[in-house]
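Peer 1: need coordinates for the following:
(one chain, ligands or ions: 1)
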Amino acid sequence: MTDNFDSAVRYSGPRAQFASLTGSPLWGLSVSAIIEIFKDRGWTHNLSERLPTPFGLGPQLNHFTTPQGRDVIWIPSYGMVQDEEFFTHKMERRAFWLLWQAGVELLITGGTSGTADWRDPQGEDTVRPGDFVIPWSFYRDQDMVGTMPGSDMATGFLPRIALMGDPFCTSLGRELERRVNAGLVPQPFRRVHHPDTVKVSIHPPGGRGSFETDFEVLTWRVLTQLISQQEQCPHVMIFGDCISPILARQMGMHLVYYHIPSNWGQGHPATKAHLVDSLDALYLDVLPQACLNLEIDLLTGAEIPSDCACRDNLKSRPPVYMKSVSPATNSGG
Ligand SMILES: [Zn+2]
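Peer 2: Residues are numbered from 1 along each chain as shown. Predicted coordinates:
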């Protein structure tokens, strides 16, 4: 056991190719209420347990079997644990270690965000609160986790490096877009934004537990307007949760992400007073049922994609590179 991890820990949980790690869209329902909704859809609930990981006791892992016999794992809210850590490397490594060990290949995650679209707040094409976004990319905050100590992902660069073109699975993004357009537009979502029409990037919160400053939102409104002119394609920044697409890629997972802009970014000219009050109504009354049913449908019906670049973007490096760094033990090398 070191300060950081215990490499003697072995995974003792179920195996599954499909999983959800969704957070804030489901915050309006308790864990037990969500489990009941899965069961109402005919899923068998096999397990709810906090399993050990090399980084400490993991978050609650729920294992279900769909009526068609597919194994699915759901870990509540990005792997957060009550009275423990939120959005730390340790928290994220615990959750991802469990998913990796279980053999997960398709991971769906949803988040909510503040939109900093620089265009007319009333514009038809503007990314507005209440819309559904398939993000194009993300802006890495300084401490986004991308390594897994105690594994061959310990360095992050060797023996494989993750290229971050299309960090979110394009194949599954198209499938999610089809499903939302077919059943969830114009209510509860006004419209779906897809990278084909607007390139939306996620800016995760750098200082946890707060919204952005007026200046940060202004900065990105101005920058994305300039980028849009340069690229001759609209670019928009949204500020919200983003689990590590780097870890997902390192682990060979297809990560499909969706975001619900639930407010204008702090300081945006369209921001109304009582921001948090309007957020709570959306979180409690609209998002949980719509998003959970969408995820259940996707996890039931989607297949592991082969028409995307997720796995091509994980590149093997020459084995000698790993031999050039210090061996882990005096006898190693
Ligand atoms: Zn993919």
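Peer 1: quick one: the strands in the stretch 201-333 of the chain?
Peer 2: 235-240, 254-264, 314-316 (DSSP state E, counting those that start in this stretch).
Peer 1: partners of the first one, with directions?
Peer 2: I take that to be strand 235-240. Strand 235-240 pairs in its sheet with strand 106-115 (antiparallel), strand 199-203 (parallel), by DSSP bridges.
Peer 1: name the residues that touch it?
Peer 2: 24, 111-119, 127, 133, 135, 139, 198-205, 211-212, 216-217, 220-221, 223-224, 227-228, 259, 261, 265 (CB atoms under 8 Å, 6 or more residues apart in numbering). C-beta coordinates here come from the backbone N, C-alpha and C atoms, glycine included.
Peer 1: give me the angle between it and strand 254-264.
Peer 2: Going by axes from the mean of the first three to the mean of the last three CA atoms, to 10 degrees, strand 235-240 is angled at 90 degrees with respect to strand 254-264.
Peer 1: follow-up on the earlier one: now a PyMOL select for only the buried ones of the contacts of strand 235-240.
Peer 2: Buried residues among those (16 or more other CB atoms under 10 Å), as a PyMOL selection:
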select buried, resi 24+111+112+113+114+115+116+117+118+119+127+133+135+198+199+200+201+202+203+204+205+211+212+216+217+220+221+224+227+228+259+261+265
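Peer 1: closest one to the ion among the strands of the stretch 201-333 of the chain?
Peer 2: strand 254-264 (3.5 Å; CB to the ion).
Peer 1: the closest residue to Tyr321 other than its chain neighbours and the ion: what is the separation?
Peer 2: Spatial nearest neighbour of Tyr321, chain neighbours left out: Leu158 (5.0 Å); criterion: CB to CB, 6 or more residues apart in numbering. Distance, Leu158 to the ion, using CB to the ion, to the nearest Å: 23 Å.
Peer 1: kindly report the same for Thr224.
Peer 2: 26 Å.
Peer 1: next one: Asp307
Peer 2: Taken as CB to the ion, the span from Asp307 to the ion is 8 Å.
Peer 1: who's in contact with that residue?
Peer 2: Ser171.
Peer 1: could you tell me the end-to-end distance of stretch 129-149?
Peer 2: 39 Å (CA to CA, to the nearest Å).
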